[in-house]
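**Q** need a 3D model of the following:
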Amino acid sequence: MSQEKLAKEIIQLVGGEKNVVSLVHCATRLRFVLKDEGKADQAKLEKTEGVITVKRNGGQFQVVIGNKVPEVYSAIGQVSNILNSSSPKEKPGKSVKGLSGLVDIISSIFAPLLGVMAGAGILKGLLLLASNFGWLEPKETTYIILMAAADSLFYFLPVLLAVTTARKFDGSIYVAVTIAGAMLYPSIIELKTTGASVDFFGIPVIMMSYSSTVIPIILSVIVMSKLGKFFNRILHESIKNFITPLLLLVIMVPLTLIAFGPFGVYVGNAIASGIVAVFGFSPLLAGAIIGASWQVLVIFGVHWGLVPIFINNIAVHGKDGIKPAAAASVFAQTGAAFGVMLKTKNKKLRALAGSATLSALFGITEPAVYGITLPLKRPFIAGVISGAVGGAIIGQAGTQAFASGAPGLLTLPIFYGPGGQGFPGLILGISVSFILSAVLTYVLGFKDPVEEEEAVADTPAVPSGQTTITANQEVRSPLEGTILPLESVPDPAFATEAMGKGIAVEPVSGRVVAPFDGTVTVAFKKKHALAVVSDTGAEILIHVGVDTVKLNGEYFTSHIQEGDRVKAGDLLLEFELDQIKAAGFSTITPVIVTNSADFKEVAALASGQVKLQDPLLLLFGSQDEA
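**A** Residues are numbered from 1 along each chain as shown. This is a model prediction of the structure:
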């Protein structure tokens, strides 16, 4: 599927463009804030090709895409006005408060920066390696230029956070950046360096170093955004475009340096010192807890609460001890996916596990967790146990991260600091996590999904026509619902017309009736499908849902047996529509003419909504008819 087509489907399934309040993306997810989440069709989204899964966390409707999320995000910008900050947006029906609200704020502020932050972190780690091994000297101009590229993001982090925070709180981006620039202005830095006494109209100002800081600028921009809205309400249209920015700069820059700045720095220092104290008390226990819980936190989206702490620790102490232990959790889930690949006999699952393992090795674990280990349960548990073991090893070794970046093979250099202290412990910890998780997954096993071929084999073959058919045959709709093209069925056997031509129906009720007068030729034992042949020889297969053979008849009630004579409209089958959807199965129902080759043409008679017994298909004579 093209990215543009996927983008259009996602927009439609989240309730349309008007239902989107805001959209950002992180390394693998589109993070929507919707006006009404009830308008989003989560079940259809999860079945959409190109979508791994859908999660509702932290006040966000999260569509997990995987590695191609930047391309899909860009495509959404091309096919809609969602990314146009100037386009009017409706506000959410209810505000998100508490922990969910906090997670939403943090993820919206930091998610847009993760890509460039990871790239800069990798470069910084490589330069640390080059310096430690003597490949480059810090005084060399080559090193200085590359370090500027690697470190500028972190030095000017307040400026970047000003942009994302202003977007989140609908404030002026340009005023926000100007405030951040004032915090890093050379003369302001010089006042801090010289230690001179500073006041603002007699009010004492405690000078701080704001490069790489997180909390001060976020607090400042939040207040600026709310104050800007107030000024825009009370000022006349003719002057507010320049008076509002003037007032904001005059008020917010001094207020930030007097209050928000020192407060934010003190809070950040306290958090960093607290984390150091925890690891100082028992680095083994702290590492084990983080290694076990990191991917659990990711599932619920609350790991965003730790992201500012990572960054703040590096800003305050030049290093961070939490992220290395989180790396054990990442490699543990990678090992679990690898164990599934080795163990499963399902070809499709093996291929999916293989690609998910490769992706997870580079720090993108969503395909492995949501697509493999979590649905299979035991592999995820094996990953949690192994992550705890690896995290304990890493914590005890005292490994530190010296730059930001998602833990993975490419980002290993960010954990290599002066003298390489703690780095061997990291390599040992992630290796143990990976190997132990793979072994536990293989030994503990899991419920291996049924192969598609096995499911087909379990379904009796539908007889195909053996006679020449000359009469036309009208097929009336056996279901009530929405007409869809056969190619939209998420099963190649139907979508490619391998089983015959026809049409699909997305049902709105759980009743299947006879499409014409005829005879029931097949009544499947698992009740999910049936076949009827008309008196003129047209053979119709009605298959309720996709992969519903795996339900083993649950939620289905059959009212016919093979050989029964039926009249058009007779009740053949009932099914519990909501229960089947809740079990995770698509209910798109193909209506297939299994002997369509015996007809000159299979023409659709319906589109849009269809009711029971509405004309659905018209079958024209045989190909032998001149």
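
**Q** the strand or helix carrying residue 438 packs against which elements?
**A** Assessed by DSSP states H and E, residue 438 sits inside helix 423-444. In terms of contacts (3 or more C-beta pairs under 8 Å, 6 or more residues apart in numbering; DSSP states H and E), helix 423-444 is packed against helix 283-300, helix 322-343, helix 378-397. Backbone N, C-alpha and C define where each C-beta goes, glycine included.

**Q** hey, which of those is tucked in deepest?
**A** Mean neighbour count (mean count of other C-beta atoms under 10 Å) peaks for helix 322-343 among the helices and strands packed on helix 423-444, with a mean of 29.

**Q** and it with helix 378-397, angle?
**A** Inter-element angle recorded for helix 322-343 and helix 378-397: 140 degrees (by axes from the mean of the first three to the mean of the last three C-alpha atoms, to 10 degrees).

**Q** which elements pack onto the very next helix or strand once past helix 322-343?
**A** Scanning forward in sequence from helix 322-343 by DSSP H and E, the next helix or strand is helix 347-361. Judged by 3+ C-beta pairs under 8 Å, 6+ apart, the packing partners of helix 347-361 are helix 322-343, helix 366-368.

**Q** now for the longest one, which elements pack on it?
**A** Under the contact definition 3+ C-beta pairs under 8 Å, 6+ apart, helix 322-343 sits against helix 283-300, helix 307-317, helix 347-361, helix 366-368, helix 378-397, helix 423-444.

**Q** state the mean pLDDT of the shortest one.
**A** Model confidence over helix 366-368 averages 77 on the pLDDT scale.

**Q** list the buried residues for that helix?
**A** 366-368 (16 or more other C-beta atoms under 10 Å).

**Q** for residue 513, state which of these is nearest.
**A** Nearest to residue 513 among those, counting by C-beta to C-beta, is residue 367 at 41.3 Å.

**Q** where does the residue nearest to that closest one when sequence neighbours are not counted sit relative to residue 607, distance-wise?
**A** Distance criterion C-beta to C-beta, 6 or more residues apart in numbering; nearest residue to residue 367, sequence neighbours excluded, is residue 356 at 4.2 Å. Distance of residue 356 to residue 607, given as C-beta to C-beta, to the nearest Å: 39 Å.

**Q** look at those two and report which has more neighbours.
**A** Legend: neighbour count by other C-beta atoms under 10 Å for residue 356 and residue 607, higher for residue 356 (29 against 11).

**Q** so how many other residues sit close to residue 262?
**A** Using other C-beta under 10 Å, residue 262 is surrounded by 16 other residues.

**Q** ah, wrong one, I meant residue 238
**A** Residues near residue 238, counting by other C-beta under 10 Å: 8.

**Q** so how far is residue 51 from it?
**A** Residue 238 is 49 Å from residue 51, by C-beta to C-beta.

**Q** before we move on, what about residue 106?
**A** 24 Å.

**Q** which outside residues touch stretch 373-390?
**A** Stretch 373-390 has contacts (C-beta atoms under 8 Å, 6 or more residues apart in numbering) with 288-289, 291-296, 299, 328-329, 331-333, 335-337, 339-340, 369, 372, 429-434, 436-437, 440-441, 444-447.

**Q** now do 7 Å
**A** Stretch 373-390 has contacts (C-beta atoms under 7 Å, 6 or more residues apart in numbering) with 288, 291-292, 294-296, 328-329, 331-333, 335-337, 339-340, 372, 429-430, 432-433, 436-437, 440-441, 444-447.

**Q** equivalent analysis for stretch 195-203, please.
**A** 191, 205, 207, 254, 258.

**Q** so how far is residue 194 from the closest residue to the fourth one other than its chain neighbours?
**A** Excluding its sequence neighbours, the residue lying closest to residue 254 (C-beta to C-beta, 6+ apart) is residue 200, at 5.0 Å. From residue 200 across to residue 194, the span is 17 Å (C-beta to C-beta).

**Q** bridging residues for the most centrally placed residue in the chain?
**A** Centroid-nearest residue in the chain, with C-alpha atoms, centre = their mean: residue 64, separated by 2.0 Å. The residues listed as beta-bridge partners of residue 64 by DSSP bridges are residue 29, residue 53.

**Q** I'd assumed residue 30 was in contact with it.
**A** No: using C-beta atoms under 7 Å, residue 64 makes no contact with residue 30, being 8.1 Å away.

**Q** what do the two both touch?
**A** With C-beta under 7 Å, 6+ apart, residue 64 and residue 30 have no common neighbours.

**Q** and this structure, what are its domains?
**A** 3-96, 156-281, 283-444, 465-620 (automatic domain parsing).

**Q** want to throw those domains into TSV with distance to residue 112?
**A** Formatted as TSV, the domains of the chain follow (distance: least, C-beta to C-beta, whole Å):
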stretch	distance to residue 112
domain 3-96	6
domain 156-281	5
domain 283-444	12
domain 465-620	32
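
**Q** minimum distance to residue 118: which of those domains has it?
**A** domain 283-444 (4.2 Å).

**Q** how far away is the closest residue to residue 433 other than its chain neighbours from residue 409?
**A** Leaving aside its sequence neighbours, residue 433 sits nearest to residue 390 (C-beta to C-beta, 6+ apart; 3.1 Å). Residue 390 sits 15 Å away from residue 409, going by C-beta to C-beta.

**Q** for the stretch 51-200 of the chain, what spans make up the strands?
**A** Secondary structure of the stretch 51-200 of the chain (DSSP state E, counting those that start in this stretch): strands at 53-57, 60-64, 199-200.

**Q** name the next helix or strand downstream of the lowest-mean-pLDDT helix or strand in the chain, please.
**A** The weakest-scoring helix or strand in the chain, judged by mean pLDDT, DSSP states H and E, is helix 452-458 (a mean of 45). As assigned by DSSP H and E, the chain's next helix or strand after helix 452-458 is strand 473-476.

**Q** list the buried residues for the following helix or strand past that following strand?
**A** The helix or strand immediately downstream of strand 473-476 is strand 481-484, counting by DSSP H and E. For strand 481-484, the neighbour count (16+ other C-beta under 10 Å) marks 481, 483-484 as buried.
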